[in-house]
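[1] Pasted the sequence and its predicted model underneath.
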Amino acid sequence: MKILRRVKTGFPKKYVYITALLFMVAVIMRINDTEQITNTIFFIRRIVLFSSIYILWALLLDYINALIKPLEKERSVSIQVLERLISLVLLVLFNLVISNVIYYSIPLIYSNFSVSDAYLDFQPYILKSIIIRCIDVVIIGLILKIIDGYQSLQKQNLQVISLENQLHISQLETLRNQLDPHFLFNTLHTLNTLIGYDDKKARSMVIKVTNLLRKILDKRERQLITFDEELDYFKNYLEIEEERFHDRLEVQINVEDAIREIMVPTLVLQPLIENAFKHGIVHIESKGTIKLNALKKEGDFIISLSNTIAKNKKLNAPVSTNFGLQNLDMRLQQVYGENYILHTKKGIDEYIVTITIKNKN
């Protein structure tokens with residue numbers, strides 16, 4: 001059994017002890033107002049008692065913090081509740097015994113007070129003292145819970161701010177990539193071959209390029225969009241590239257309807273499709289294939305994009321820096337924390353990138 005577990009709060013110790021002393025002062029002032037203590041020795045003993053109580057609670061703070069943490073899903077609830085009740089009893093008894101040993105040590109040392117006298121003096125207050133210390137643990141636990149909730153909220157806010165900054169950087173990089181001279185050159189070259197041969201298709205391609213750039217600009221203020229919206233951008237990009245490769249490109253898209261409304265980071269597919277063309281399709285002389293699969297499996301959201309690659313890479317082919325995937329990995333981490341996996345696999349003639357967004361429930 002996991003009894004008396006410690007979960008560090010992360011608070012600086014000096015602030016914990018200062019708070020403990022403030023609690024002690026507040027309690028003593030309250031008692032002094034109600035009881036009007038005039039005996040100096042008795043007043044000093046009260047200071048010693050409450051100082052020891054709250055300093056002990058400060059020392060035991062990590063153990064109290066463990067009591068308020070959510071129960072583990074993998075273990076029996078009843079066993080965990082029993083463990084925490086036993087831990088609570090042990091913490092209360094430890095504080096009760098040590099603080100009263102300190103409290104009664106003064107008369108034991110400086111007067112004719114005996115151990116039996118101390119026990120008889122304390123006996124009427126045993127139950128009351130236990131209840132008060134249980135209340136102390138509850139109050140401390142509530143304070144820790146409030147602080148933990150506040151810190152979680154602050155952390156989420158920082159993640160949102162960081163995501164926004166990362167998104168702006170990613171969008172700028174996206175615009176730079178889309179306006180890359182090679183991209184524009186290939187687009188203009190495709191247009192040149194269509195003008196006079198198929199003016200209708202040429203006009204259609206101009207519209208597609210315009211729509212693509214407009215979509216990028218329209219998404220600059222949005223951190224998350226539905227997967228269906230992201231898929232629309234993906235298809236628009238493919239339509240432009242299909243004009244370049246004609247019958248050399250085969251596209252297969254398999255998307256389950258259930259995942260179309262799932263929110264995903266804006267332009268999450270962009271680095272995947274760009275990699276597929278830049279490091280795969282453009283180096284293949286024969287027909288290449290791009291496959292996009294998006295589905296739910298055991299509650300997890302899985303996106304997989306594969307593309308054909310050349311078996312023997314050309315000597316003049318650009319060396320991948322993996323910047324796009326690294327950038328994507330950083331953005332996924334900002335949104336999902338540890339609840340995702342970005343996995344790549346390179347085969348003889350195929351490259352696969354898989355994003356698994358884990359089910360939190």
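    Yes, it's here. Numbering: from 1, shown residues only.
[2] neighbours around the residue nearest to Leu60 when sequence neighbours are not counted, how many?
    Spatially, and ignoring its direct neighbours in sequence, Leu60 is nearest to Leu91 (5.8 Å; CB to CB, 6 or more residues apart in numbering). Every residue, glycine included, has its C-beta placed from N, CA and C. Residues lying near Leu91 (other CB atoms under 10 Å) number 21.
[3] and what of Leu249?
    For Leu249, the neighbour count with other CB under 10 Å is 20.
[4] Nearest residue to Ala276 in space, please, no chain neighbours.
    Distances taken as CB to CB, 6+ apart place Asn307 nearest to Ala276, at 3.7 Å, with adjacent residues excluded.
[5] Next, that neighbour: secondary structure please.
    When classified by DSSP: H, G, I helix; E, B strand; the rest coil, Asn307 comes out as strand.
[6] from memory it sits against Glu350, does it?
    Yes. With contact defined as CB atoms under 8 Å, Asn307 counts as touching Glu350 (7.2 Å).
[7] Between those two, tell me which one has more neighbours.
    Taking other CB under 10 Å, Asn307 and Glu350 do not tie; Asn307 has more neighbours (24 against 14).
[8] show me the contacts for the more buried one.
    By CB atoms under 8 Å, 6 or more residues apart in numbering, the residues touching Asn307 are 275-277, 280-281, 288-291, 350-351.
[9] Tell me the spacing between it and Val251.
    10 Å (CB to CB, to the nearest Å).
[10] who touches both of these two?
    Among the neighbours of Asn307, those also in contact with Val251 (CB under 8 Å, 6+ apart) are 289-291.
[11] what's around Cys134, how many residues?
    Around Cys134 there are 14 other residues, counting by other CB under 10 Å.
[12] what about the helices in the stretch 101-250 of the chain?
    For the stretch 101-250 of the chain, the helices defined by DSSP state H, counting those that start in this stretch cover 115-122, 126-178, 181-194, 199-218, 227-245.
[13] deepest of these, which one?
    Ranked by mean neighbour count, the helices of the stretch 101-250 of the chain are led by helix 227-245 with a mean of 19 (mean count of other CB atoms under 10 Å).
[14] Pick out the shakiest of the helices of the stretch 101-250 of the chain, pLDDT-wise.
    When those are compared on mean pLDDT, helix 181-194 scores lowest, with a mean of 64.
[15] can the helices of the stretch 101-250 of the chain go into TSV with extra columns for distance to Ala66?
    As requested, the helices of the stretch 101-250 of the chain are arranged in TSV below (distance: least, CB to CB, whole Å):
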stretch	distance to Ala66
helix 115-122	29
helix 126-178	10
helix 181-194	55
helix 199-218	48
helix 227-245	39
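[16] To Ala26, which of those lies closest?
    Nearest of those to Ala26, taken as CB to CB: helix 126-178 at 12.0 Å.
[17] what packs against that closest one?
    On a contact count with 3 or more CB pairs under 8 Å, 6 or more residues apart in numbering; DSSP states H and E, helix 126-178 meets helix 40-59, helix 61-67, helix 77-110, helix 199-218, helix 270-278, helix 323-336.
[18] Hey, what's the angle from that helix to helix 40-59? Just curious.
    40 degrees (axes from the mean of the first three to the mean of the last three CA atoms, to 10 degrees).
[19] Now do helix 126-178: distance to the chain's middle.
    10 Å (CA atoms, centre = their mean, to the nearest Å).
[20] Tell me the spacing between the nearest residue to Glu350 once chain neighbours are set aside and Glu230.
    What sits nearest to Glu350 in space, not counting adjacent residues and going by CB to CB, 6+ apart, is Ser306, at 5.6 Å. With distances taken as CB to CB, Ser306 is found 18 Å from Glu230.
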